[in-house]
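>>> Let's see this in three dimensions:
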Amino acid sequence: MEIPQIPKDKFKFLNNAGNKEQEKIGTPALTYMQDVRRRLFKNKVAVVCLTLLTIIVFISVFAPIIAPYNPNAQHATLSNLPPKLGNLNIPGFNGYQNMGGKMVDAYAQVHAPKGTHYLLGTDYLGRDLLSRIIYGTRLSLIVAVLATLVDLLIGIPYGIVSGWKGGMTDNVMQRIVEIVSSVPNLIVVILMMIILKPGLISIVLAIAITDWVTMARLIRAQTFQLKEQEYVLAARTLGESSTKIATKHLIPNLSSTIIIQTMFTIPNAIFFEAFLSFIGIGIPAPNASLGTLLSDGQKAFRFLPYQMWAPAIILSIIMIATNLLGDGLRDAFDPQSSD
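Below you'll find the model as predicted:
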């Protein structure tokens with residue numbers, strides 16, 4: 001049977017320009033991380049918080065260069081001086097203080113050398129509060145970073161192993177988690193101080209011993225979901241080792257959970273260190289942290305409120321900005337969470 005042929009004159013070329021316009025992609029193709037960054041930068045609150053935290057971290061890292069004075073240098077004759085910004089007559093920053101119901105120049109009263117001024121005033125030992133706040137913020141951030149690193153090094157492998165193995169291994173590991181989480185942090189800190197001297201190491205170890213539990217639980221829950229995904233089953237079928245599956249497939253897909261939880265771990269560590277230093281069992285003198293500055297400031301808060309307001313404001317900014325940035329990262333990594 002002969003197949004009928006369609007004449008060539010029945011065919012016609014389409015308009016190539018119009019065809020290309022129809023097939024044109026309206027928006028550029030974005031990777032997952034590019035899309036996360038786009039959503040994050042659209043969140044104005046998160047961008048402002050990220051900027052504030054970047055400035056604080058930058059100042060803390062370069063504290064030896066930025067700090068105007070030695071934070072531990074004592075000048076007994078210049079104690080409890082109010083804030084002063086050069087020769088500007090700005091209320092609250094002009095060096096005047098209420099003495100006997102009259103506003104007097106506190107710097108002139110103590111015969112301070114000409115040109116001497118402290119932007120945030122001095123404490124009861126004549127130490128510059130601005131320098132101590134800069135170094136104190138630096139120390140608090142160091143505690144937070146070290147505690148977070150230990151949290152990541154323990155919590156991530158522990159959660160992955162628990163969720164990946166399951167069964168009896170998971171039951172035993174979760175009972176250990178319950179035991180650790182039932183011990184109050186303050187008791188762990190006291191035990192660390194009995195074994196070690198009060199200071200940075202004991203605080204970091206105390207935070208590290210207990211705070212990895214939340215990270216481990218979150219990673220375990222996510223691992224239970226991910227290990228049933230098709231790409232993980234395909235990797236197991238092809239004979240990939242558990243270690244390679246964890247590093248190549250699980251950890252990249254757990255990155256959003258890890259980053260978000262880290263952003264909430266940092267303020268918790270800073271606040272815990274500030275609490276310990278505030279009650280007198282944290283960073284020992286003469287080193288400054290935000291907690292020790294708050295503790296010293298509250299003793300004279302009634303008469304010299306500026307000594308407490310400045311570190312309190314810095315601590316509040318760090319806590320609020322980190323939490324809001326964490327919320328922004330959560331919405332950026334998981335847009336459905338904001339619905």
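>>> C-alpha only now, for contacts and for neighbours.
Noted.
>>> which parts of stretch 277-288 are buried?
S277, F278, I281, G282, I283, A288 (16 or more other C-alpha atoms under 10 Å).
>>> starting at the chain centroid, how far to the helix ranked longest in the chain?
Determined from DSSP state H, the single longest helix within the chain is helix 129-165. Mean-position distance between helix 129-165 and its chain equals 9 Å (C-alpha atoms, centre = their mean, to the nearest Å).
>>> same question for it, mean pLDDT?
For helix 129-165, the mean per-residue pLDDT is 87.
>>> Quick check: next helix or strand after it?
The helix or strand immediately downstream of helix 129-165 is helix 167-181, counting by DSSP states H and E.
>>> which sections of the stretch 51-200 of the chain are below the confidence cut-off?
The stretch 51-200 of the chain contains residues with pLDDT under 70 at 100.
>>> buried sites along the longest helix of the chain?
In helix 129-165, counting by 16+ other C-alpha under 10 Å, buried: 129-148, 150-152, 154-164.
>>> hmm, which two among the buried residues of stretch 277-288 are most spread apart?
I281 and A288 (13.0 Å; C-alpha to C-alpha).
>>> same for the longest helix of the chain, what does it pack against?
helix 44-61, helix 63-66, helix 167-181, helix 200-226, helix 255-278, helix 290-299, helix 306-333 (3 or more C-alpha pairs under 8 Å, 6 or more residues apart in numbering; DSSP states H and E).
>>> Can you tell me what sits against the first one?
Counting by C-alpha atoms under 8 Å, 6 or more residues apart in numbering, the neighbours of helix 44-61 from elsewhere in the structure are 40-41, 66, 134-135, 137-138, 141, 318, 321-322, 324-325, 327-329.
>>> got the angle for that helix vs helix 306-333?
Here helix 44-61 points in a direction 130 degrees away from that of helix 306-333 (axes from the mean of the first three to the mean of the last three C-alpha atoms, to 10 degrees).
>>> Quick one: distance of helix 44-61 to the chain centre.
Centroid separation between helix 44-61 and its chain, computed with C-alpha atoms, centre = their mean, is 10 Å.
>>> do the same with the last one
Its chain's average C-alpha position is 9 Å from that of helix 306-333, according to C-alpha atoms, centre = their mean.
>>> Can you give me the neighbour number for T257?
The number of residues packed near T257 is 18, by other C-alpha atoms under 10 Å.
>>> Same check on I260?
Neighbours around I260, by other C-alpha under 10 Å: 19.
>>> is it true that it touches N323?
No. When contacts are counted by C-alpha atoms under 8 Å, I260 is not listed as touching N323 (9.7 Å).
>>> and for these two, which residues touch both?
Joint contacts of I260 and N323 (C-alpha under 8 Å, 6+ apart) do not exist.
>>> contacting residues for P198?
I281, G282, I283, P284.
>>> P83 too?
G92, F93, N94, G95, H117, Y118, L119, L120, G121, T122, Y306 are the contacts of P83 under C-alpha under 8 Å, 6+ apart.
>>> distance of it from I134?
16 Å (C-alpha to C-alpha, to the nearest Å).
>>> Understood, closing this out.
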